[in-house]
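Q: sequence first, predicted model second:
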Amino acid sequence: MGRIVYCDGRFVPEEEARISIFDRGFLFGDAIYEVTAVIGGGMIDNDLHLDRFERSLAALSIPMPVPRAELEGIQAELMARNDLSEGTIYLQVSRGVADRDFLYPEGLAPTFIAFTQARKLADTPAQRNGIAVDLAKDVRWARCDIKTSMLLGQVLIKHQARARGYNDAWMVSDGLITEGSSSTAFIITGDGRVLTRPNSQSTLPGCTRMAVLRLCAGHGLQFEERAFSPAEAQSAVEAFVTSASSFVTPVVKIGEVVIGNGRPGPLTSRLQAYYLEAALDPEAAASS
Ligand code: PDD
């Protein structure tokens, strides 16, 4: 049996969900999205994801399709109807339907769709063994802080990385790493500092990134928000990526260079464990 998805106000079997060919999300990528992880039947960092969802909509002057409380209700309903205990919930809002024109008419009703994807998120082979990332020119637009569905840059970069024998890619702009193709990039320096780039318009402000930095602070780990070059990344003692769908995943090779001994490092493994612990039991983690 297929999934039950949400499409413009209705829960329907996935085969019955329809949107117009004139939807601006389809024609222009004029849409934003959000991805929340579900584990143990609970959503992780969902407040952070919904805050960013609201910020992305505001950046494009698209109104909230439904009030926030209703949004959370739709997520819960999708989880329940699809019996989702581990996987992701995807939300997407486009500006709406209008005859094709770069200029959009005012007052369009946004198109709102949502669906679940059941998949294993914790203790994956990538998390256990680490991944190899290629280095690729960041070919995206200048507002990477908005979580738009316009993802062709990342689609091409990820495919190229796969074709070159890597699991993924870290993107490079002006001689500095921006981020992973769908994740935030972190390295650990020789003196044990967790390093990631500060938020700006050059990267997506990751919700998992924020959760991990809070965990560093809570567990007394040194961290710094500073941009770093591919050469600095390649001389790091450990590296990892974070995202809603990969949690904390070790990076064991960057370009041609093996990081450390080619196995996930100890600090990365600790952060992985802290993150999972907090995801499975947020209240206990907050009080520990
Ligand atoms: N992507 N940077 C980019 C470019 C991303 O696409 C993502 C997430 C992140 C990490 O953000 P967060 O920790 O909030 O998931 C960083 C999601 C998972 C996706 O597109 O499927």
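A: Cool, the structure landed.

Q: geometrically speaking, which residue is the centre of the protein?
A: For the chain, the residue lying nearest the average C-alpha position, counting by Cα atoms, centre = their mean, turns out to be residue 243 (4.4 Å).

Q: show me what the host helix or strand of residue 253 is packed against.
A: For residue 253, the enclosing helix or strand under DSSP states H and E is strand 247-254. Packing contacts for strand 247-254, counted by 3 or more Cβ pairs under 8 Å, 6 or more residues apart in numbering; DSSP states H and E, involve helix 125-129, strand 131-137, helix 207-218, helix 230-234, strand 238-243, helix 266-280. To be clear about C-beta, it is placed using only N, CA and C from the backbone, and glycine gets the same treatment.

Q: let's see it at 7 Å
A: helix 125-129, strand 131-137, strand 238-243, helix 266-280 (3 or more Cβ pairs under 7 Å, 6 or more residues apart in numbering; DSSP states H and E).

Q: helix, strand, or coil at residue 26?
A: Here residue 26 is recorded as helix under DSSP: H, G, I helix; E, B strand; the rest coil.

Q: for residue 120, see how far away it is.
A: According to Cβ to Cβ, to the nearest Å, residue 26 and residue 120 sit 30 Å apart.

Q: swap in residue 168?
A: 17 Å.

Q: neighbour count winner among those two?
A: Just comparing residue 168 and residue 120: by other Cβ atoms under 10 Å the higher neighbour count belongs to residue 168, 23 against 11.

Q: contact partners of whichever helix or strand comes after the strand holding residue 253?
A: Where DSSP H and E defines the elements, the next helix or strand beyond strand 247-254 is strand 257-258. By Cβ atoms under 7 Å, 6 or more residues apart in numbering, the residues outside strand 257-258 that reach it are 234, 252.

Q: can you list the strands that strand 257-258 pairs with?
A: strand 247-254 (antiparallel) (DSSP bridges).

Q: how about the partner strand and the ligand, any contact?
A: No. Applying Cβ under 6 Å from any ligand atom, one finds strand 247-254 separated from the ligand by no less than 9.1 Å.

Q: might you calculate how far that strand sits from the centre of the chain?
A: Averaging C-alpha positions (Cα atoms, centre = their mean, to the nearest Å) puts strand 247-254 15 Å from its chain's average.

Q: what separates the nearest residue to residue 219 once chain neighbours are set aside from residue 284, distance-wise?
A: Counting by Cβ to Cβ, 6 or more residues apart in numbering, residue 219 lies nearest to residue 274, which is 6.2 Å off, once chain neighbours are set aside. With distances taken as Cβ to Cβ, residue 274 is found 12 Å from residue 284.

Q: likewise residue 18?
A: For residue 18 relative to residue 284 (Cβ to Cβ), the value is 44 Å.

Q: same question for residue 254.
A: In terms of Cβ to Cβ, residue 254 sits 35 Å off from residue 284.

Q: so if I had to pick from the two, which one is more boxed in?
A: A side-by-side neighbour count of residue 254 and residue 284, using other Cβ under 10 Å, places residue 254 first with 25 against 10.

Q: wait, what's in contact with the more buried one?
A: Contacts of residue 254 (Cβ under 7 Å, 6+ apart): 133, 135, 170, 233-234, 239.

Q: mind listing the residues bridging to the residue nearest to the centre of the chain?
A: Going by DSSP bridges, residue 243 forms beta bridges with residue 247.

Q: list the contacts of it.
A: By Cβ under 7 Å, 6+ apart, the neighbours of residue 243 are 182-184, 206, 208.

Q: who in the stretch 1-150 of the chain is up against the ligand?
A: residue 35.

Q: any weak-confidence spans in the stretch 1-150 of the chain?
A: 1 (pLDDT under 70).

Q: can you give me the helices for it?
A: Counting by DSSP state H, counting those that start in this stretch, the stretch 1-150 of the chain has helices at residues 24-28, 46-59, 68-81, 125-129.

Q: for the last one, name the packing helices and strands.
A: Secondary structure elements in contact with helix 125-129, counted by 3+ Cβ pairs under 7 Å, 6+ apart, are strand 247-254.

Q: hmm, 6 Å instead?
A: Contact partners of helix 125-129 among helices and strands, from 3 or more Cβ pairs under 6 Å, 6 or more residues apart in numbering; DSSP states H and E: none.

Q: try the second one
A: Packing contacts for helix 46-59, counted by 3+ Cβ pairs under 6 Å, 6+ apart, involve strand 31-39.

Q: appreciated, that's everything.
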